[in-house]
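S.K.: Pasting the sequence and the predicted model now:
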Protein chains: 2
Amino acid sequence: MITTPNAVSARKRTSIGSRRNPEAEAAVLAAARELISEKGYAGFSVEEVARRAGAGKTTIYRWYPTKADLFIAIYTMERSTFVTVPDVGNLVEELVQYTTSLWRFWSSHPAGAALKGLIAEAQGTEEALGALRDKFLPDRTADLRHILTSGAARGEIRLEEVDDKVSLWVGFSWFKLLIGELHDEDAIARVMMQIAGVPRHVQS
Amino acid sequence: MITTPNAVSARKRTSIGSRRNPEAEAAVLAAARELISEKGYAGFSVEEVARRAGAGKTTIYRWYPTKADLFIAIYTMERSTFVTVPDVGNLVEELVQYTTSLWRFWSSHPAGAALKGLIAEAQGTEEALGALRDKFLPDRTADLRHILTSGAARGEIRLEEVDDKVSLWVGFSWFKLLIGELHDEDAIARVMMQIAGVPRHVQS
C-alpha cells in the first residue's frame, strides 16, 4: 500500500494521457519541495515553482491542475520515504507504530507544516477544501485503511467499523497537529487502544 | 455546567478587577456579534468593533486583551442559547444529543464558520494558537468533560479515560467541521458508541 514516487508519476502520467519529460518533472518536483520548505503552503504558488524550475506554468498546470495537486504530489513523495506501513499482525501495535512515524514526519518535515497550511486554506477557499476532502484524504488514508481492514480480517474489529475508525484516527491526529501537540507521543498508545476498541480489562 | 451569558460577564468582570459599564459592554458584544456574522473570523477586528459600538479601542482591549478573547466571549454567549447539556443518565445518549445540538449550532450560526476561521488563523499566528489551545479548548470542553465524568461516576467508562475521550471527541467533531461534513449526523450515534467504548455485541 506504500505509494512510491514512481507510482505517483505513473498514475499521473496515465491520467493526463501524455508522456512527460522526466527531467522537467524532476526539476518541477525539486523546486516545489524547496519552495514548500521555505515558504509553507500559503507562500507556495505554481508561478514561483515554474520560475525556479525553468518550466512553463502551462506545462505544470497540465500535470497538476491546481496548487493543491502539486502539493499533494510532493507530500506523498516525501511521506513515502519517512513513513512505512507496519505489518506485525496486531492492530493496536500497527496503529501505534504507524501513528508515531507519521507524527514524527509531520513534526520534522516541512510537509507537516504545509499540511496545516492546506487545512487552514481549506477553511477559506472551495478549491483547497475540495483538494483536501476529495483527493488528499482518500489517497492519504489508504495505508490506515489497509491496517484497519487487515485487523478486521483477523477478527480484531468489525469490517463495518473501519470507516468510522478512519474518521476517529484522522480527527485525533489532525487535532494534535493543529494545536501543536505532536510531541505528546504518550497519548498515542492509549488512544490507539481506544480506537481499536480493546476492552477495558486488557487496557488496565 | 451550562455557561450563561451572565456567568461569562460576571467572570470577566471579576477577572479584570474593575466594574464595566453594562450598556457599553452590551454595545461592544452586539457589534462584535454583527461583525462576526458579516465578515467571519478573518475579517473580524477590535478596531472595527470599536468603531461600530462607538467605544474606545483601549476600553475593549482592557476587557478582551486579544481579538481571540473577544471572539470567544461572543461564541460562548451565542452557544449557550443554542446548546444545552443533556442529563438523561446514559453516556452514549447524552453524547449523541450534545454532539447533534453542537453540530447544528456550528452549521446554522456564524459562530461555526468563525470557529473554523480561528482554527485556520491558529496555523499562522502564535496568538491565535494560544487562544485556541489555552483558552477556547479548556473552557469550551467543560460541558463535554462533565458528561464524560458523570458517565464515569455511573461506571460507564473509567475516570482516567476522560482526557483521551475528550481529545477523540474534539478531534472527530473538528474534523467534520473542517471538511464541511456536519450534515453527516448518521455518523454521530455510531461514533459516540465507539468513543464511549460500548462493546461490539451491544452495538450490533
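M.R.: Noted; the coordinates are in hand.

S.K.: Tell me which residues are up against stretch A:107-126.
M.R.: A:36-37, A:40-42, A:44, A:68, A:71, A:74-75, A:78-79, A:82, A:105-106, A:128-129, A:131-133, A:136, A:174, A:177-178, A:182-183, B:42, B:116-117, B:119-121, B:123-124, B:178-179 (Cβ atoms under 8 Å, 6 or more residues apart in numbering or on different chains). All C-beta spots, glycine's among them, are computed from the backbone N, C-alpha and C.

S.K.: Now that residue A:169 has come up, it's in contact with residue A:144, right?
M.R.: Yes: contact criterion Cβ atoms under 8 Å: residue A:169 and residue A:144 qualify, at 6.0 Å.

S.K.: More neighbours: which of the two?
M.R.: residue A:169 (26 against 22; other Cβ atoms under 10 Å in any protein chain shown).

S.K.: Give me the subset of the contacts of stretch A:107-126 that lies in helices.
M.R.: The helices, defined by DSSP state H, take in A:36-37, A:68, A:71, A:74-75, A:78-79, A:82, A:105-106, A:128-129, A:174, A:177-178, B:116-117, B:119-121, B:178 from the contacts of stretch A:107-126.

S.K.: nearest spatial neighbour of the residue nearest in space to the middle of chain A, skipping sequence neighbours?
M.R.: For chain A, the residue nearest the mean C-alpha position is residue A:140 (4.3 Å; Cα atoms, centre = their mean). Nearest residue to residue A:140, sequence neighbours excluded (Cβ to Cβ, 6 or more residues apart in numbering or on different chains): residue A:76, at 7.2 Å.

S.K.: What's the separation between the nearest residue to residue A:176 once chain neighbours are set aside and residue B:131?
M.R.: Distance criterion Cβ to Cβ, 6+ apart; nearest residue to residue A:176, sequence neighbours excluded, is residue A:182 at 5.5 Å. Between residue A:182 and residue B:131 the computed distance is 20 Å (Cβ to Cβ, to the nearest Å).

S.K.: between those two, which one's more packed in?
M.R.: residue B:131 (22 against 19).

S.K.: my read: the more buried one touches residue B:65, true?
M.R.: No: between residue B:131 and residue B:65 there is no contact under Cβ under 8 Å: 9.5 Å.

S.K.: could you say which helix or strand contains residue A:47?
M.R.: helix A:46-53 (DSSP states H and E).

S.K.: in that helix, what's buried?
M.R.: A:46, A:48-50, A:53 (16 or more other Cβ atoms under 10 Å in any protein chain shown).

S.K.: and stretch A:183-202, average pLDDT?
M.R.: For stretch A:183-202, mean pLDDT rounds to 88.

S.K.: Contacts for it, please.
M.R.: In contact with stretch A:183-202 (Cβ under 8 Å, 6+ apart) are residues A:91-92, A:95-96, A:99-100, A:103, A:107, A:151, A:156-157, A:161, A:165, A:168-169, A:172, A:176, A:203, B:158, B:161, B:164-165, B:167-168, B:194-195, B:197, B:199-200.

S.K.: Now the buried members of these.
M.R.: Buried among the contacts of stretch A:183-202 (16+ other Cβ under 10 Å): A:91-92, A:95-96, A:99-100, A:103, A:151, A:156-157, A:161, A:165, A:168-169, A:172, A:176, B:161, B:164-165, B:167-168, B:194-195, B:197.

S.K.: What residues of stretch A:119-129 count as buried?
M.R.: A:119-123, A:128-129.

S.K.: List buried residues within the ones in helices among the contacts of stretch A:107-126.
M.R.: Buried among the ones in helices among the contacts of stretch A:107-126 by 16+ other Cβ under 10 Å: A:36-37, A:68, A:71, A:74-75, A:78-79, A:105-106, A:128-129, A:174, A:177-178, B:116-117, B:119-121, B:178.

S.K.: one step back: among the buried residues of stretch A:119-129, which two are most distant?
M.R.: Spatially, the most separated pair among the buried residues of stretch A:119-129 is A:120 and A:129, at 11.0 Å (Cβ to Cβ).

S.K.: Am I right that residue A:36 is in contact with residue A:77?
M.R.: No: checked against Cβ under 8 Å, the pair residue A:36 and residue A:77 is beyond contact range at 11.1 Å.

S.K.: Can you give me the distance of the residue lying closest to residue A:70 once chain neighbours are set aside to chain B?
M.R.: Excluding the flanking residues, the one nearest residue A:70 by Cβ to Cβ, 6+ apart is residue A:64, at 3.9 Å. Between residue A:64 and chain B the computed distance is 21 Å (Cβ to the nearest Cβ, to the nearest Å).

S.K.: Burial check on residue A:64, number of neighbours?
M.R.: What residue A:64 shows, counting by other Cβ under 10 Å, is a neighbour count of 22.
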